[in-house]
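Visitor: got a predicted structure here, sequence first:
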Amino acid sequence: MLHRVEGIVIRSMDYGEGNAIITLCTENAGKIGVLVRGAKKVKSRHAALIQPFTLGQYVFFRNNGGLGTLNSGEIINSHHPIREDLIKAAYGSYACELLDRVLHDEETGSFWFRQLSACLNALEEGKEPGVIINLFEMKILQAAGYGPQLDSCIACGRERADDELLLSPRLGGTLCRSCRHNDPPAMEVSPRALKLIRLFAALDLTRLGNVDVKESTREELKKIMRAFMDAQLGLRLKSQNFLDQLDKYNI
């Protein structure tokens, strides 16, 4: 059967001599694997269609599920500027790998596609990559069913002033100081960072405007979201390790 989808390349791997298998995050058909014959050969007409971050229309044959075989395709947005920039490419790769690990094959709904598309667009436009990725991580946590509870104490349920709240990645939300015994390693959080974390929870990436967050707050947000991602999803991603190396050498 012939299928036509709009999708973003989130993974590309060599297969055999000159072929490639791409994984697409699609708007209406979830995550799909497609074999692209001859894509790695010189002057292949499909070479551009297998590049990471590429948004395109893909037409492929597939019978009874499983791997499809590309018939034709057309690029909508190559996101070439992301691939040309080391920092942007690193964050884009992390977003794609994270989505690839969390999204199940053919899981329906356009939410994942819209969030990834908005994330890549924001990176290409030069918005602060760390903040973009933190917001993307929040959307991933929420869509996977692990969105943090941020408006009241997750232990006692009472609403408290912001300066009375801690963050507990293990329990999945804010924790008042009276309930700290439920999670002694709970994190201190500044009012500014807590406000932004709540904004991330409420804001859709497609509505992200200009981002202006001072460096100390960005560092705090990065630590908070990393702690939530590790505690709730526990993924070990190659792209995350590369981002850690960039941080180590202040690139």
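Guide: That came in fine, so what should we check first? Numbers count the residues shown, from 1 in each chain.

Visitor: so which bits of the longest strand that the chain contains are buried?
Guide: In the chain, taking DSSP state E as the definition, the longest strand is strand 2-15. Using 16 or more other C-beta atoms under 10 Å as the test for burial, strand 2-15 gives 5-12, 15. C-beta here means a position set from N, CA and C on the backbone, and glycine is covered the same way.

Visitor: any idea which of those residues is closest to L205?
Guide: Within the buried residues of strand 2-15, proximity to L205 (C-beta to C-beta) peaks at I8, which comes in at 13.7 Å.

Visitor: assess the claim that the closest one and N121 are in contact.
Guide: No. The criterion here is C-beta atoms under 8 Å, and I8 misses it with N121 at 10.8 Å.

Visitor: where do the helices sit along this protein?
Guide: Secondary structure of the chain by DSSP state H: the helices cover 80-84, 86-102, 111-124, 129-143, 191-202, 215-232, 238-248.

Visitor: ok so, going back, which pair in the buried residues of strand 2-15 has the greatest spatial separation?
Guide: Every pair of these checked by C-beta to C-beta; the farthest is E6 and Y15, at 23.1 Å.

Visitor: what packs against the helix-or-strand element of the chain with minimal mean pLDDT?
Guide: When each helix and strand of the chain is scored by mean pLDDT, DSSP states H and E, helix 238-248 comes last, with a mean of 90. If you count contacts as 3 or more C-beta pairs under 8 Å, 6 or more residues apart in numbering; DSSP states H and E, helix 238-248 packs onto helix 86-102.

Visitor: what angle sits between the helix it packs on and helix 238-248?
Guide: 150 degrees (axes from the mean of the first three to the mean of the last three C-alpha atoms, to 10 degrees).

Visitor: next, the buried residues of helix 86-102.
Guide: The neighbour-count check on helix 86-102 (16+ other C-beta under 10 Å) flags 88-99, 102 as buried.

Visitor: measure the residue positioned nearest the centre of the chain to G16 for me?
Guide: Centroid-nearest residue in the chain, with C-alpha atoms, centre = their mean: A95, separated by 3.2 Å. For A95, the distance to G16 equals 28 Å [C-beta to C-beta, to the nearest Å].
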